[in-house]
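In: just need the structure, nothing else, for what follows:
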Amino acid sequence: MAKKNIPTYELPLSMPIIFERIEDRPDDFVNNPHRHEFYEILWFKNDGSEHVVDFQPFPVKKDTIFFLAPGKVHQMDPADKKGFLLVFSQNFISQITFPQEDNFFNLFYSFDNIPFIQPSKDEVHKLNILFELIVLEYNNVSNDTTILQTHLRAFLLHAQRIKGQTEKVISGKSHERLVQLFQLIETHYKTEKTADFYSTHLALTPKRVNEIAKARFGKTVTQLVRERLLLEAKRELYFGKRSIKEIAYMLGFKDPAYFSRFFKKQTGITPEKFKAKMFK
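Out: Okay, the predicted model is just below:
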């Protein structure tokens with residue numbers, strides 16, 4: 001079986017932000033699984049076939065807006081889709097300040113694994129105005145990106161407000177700790193798989209951290225870490241460049257056989273069968 005490779009795209013240093021129309025993208029660029037080292041906003045302006053993000057298919061409806069963080073694997077058929085694509089580098093977004101760190105984090109790293117919003121008609125009107133300002137300033141071709149970043153910040157803050165209206169809300173302090181927890185998991189999931197590590201860094205007891213996680217997701221910290229491990233395992237298996245043994249060690253499993261048991265318990269199939277299924 002020939003190995004496949006999921007391409008990873010980067011932005012040129014001279015172009016920290018790019019705007020395009022979805023219908024202008026080459027079919028072979030987006031119709032095959034790929035990932036990128038930048039942030040991406042996809043705003044669909046008509047109904048179309050599904051958009052697959054990290055192996056999960058999502059329906060595409062008019063005015064669905066997807067927010068994709070670096071590293072996410074996705075694909076779609078652009079033939080039946082119209083809309084806008086806006087991508088920008090991590091450095092470009094890092095220069096934009098937000099009133100709360102979680103405003104930006106939860107928009108692109110969704111707590112509920114739902115990488116899109118479906119705004120109401122009134123909200124679409126507001127977002128259209130903000131997006132038009134982004135495009136106008138983008139086409140202005142200026143070395144000073146201050147105004148462009150300001151417009152982008154306003155758009156992202158408004159989108160996060162819409163997203164927050166559809167999610168289960170818990171108290172402010174607990175929400176802040178959830179953001180910190182997810183950031184810690186994203187950084188340490190390969191090496192730290194128990195609640196003790198995360199509770200220590202949050203200055204809480206393991207019981208309290210699990211209570212916060214269960215109140216929001218109905219899952220323990222250990223279960224959240226396992227979900228992140230499983231996602232990365234699927235990405236690596238599909239990526240096709242490492243052996244199952246290498247993937248096991250990369251994800252912090254000391255025994256490849258234990259990794260195989262873990263994967264089968266979570267998915268119902270072995271890593272070998274998952275890989276074979278993906279490469280049919």
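In: quick one: which helix or strand includes the closest residue to residue 242 other than its chain neighbours?
Out: With CB to CB, 6 or more residues apart in numbering as the criterion, residue 242 has its nearest non-adjacent residue at 5.8 Å, and that residue is residue 236. For every residue, glycine as well, the C-beta is placed using N, CA and C. Here residue 236, judged by DSSP states H and E, is contained in helix 221-239.
In: which parts of that helix are buried?
Out: 221, 224-239 (16 or more other CB atoms under 10 Å).
In: and what of stretch 147-159?
Out: So stretch 147-159, judged by 16+ other CB under 10 Å, has buried residues 148, 149, 151, 152, 153, 154, 155, 156, 157, 158, 159.
In: distance-wise, check the fifth one relative to residue 96.
Out: Right, the one you point to is residue 153. In this view, residue 153 and residue 96 are 5 Å apart by CB to CB, to the nearest Å.
In: re earlier: and the buried residues of stretch 147-159 as CSV, adding distance to residue 202?
Out: CSV is the format used below for the buried residues of stretch 147-159 (distance: CB to CB, whole Å):
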residue, distance to residue 202
148, 36
149, 31
151, 35
152, 31
153, 28
154, 31
155, 31
156, 26
157, 26
158, 30
159, 27
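In: just those residues: which are in helices?
Out: Members of the buried residues of stretch 147-159 lying in helices (criterion: DSSP state H): 148, 149, 151, 152, 153, 154, 155, 156, 157, 158, 159.
In: distance of the residue lying closest to the first one once chain neighbours are set aside relative to residue 154?
Out: Put plainly, it is residue 148. In this structure, residue 148 finds its nearest non-sequential neighbour in residue 137, 4.4 Å apart by CB to CB, 6+ apart. According to CB to CB, residue 137 and residue 154 sit 11 Å apart.
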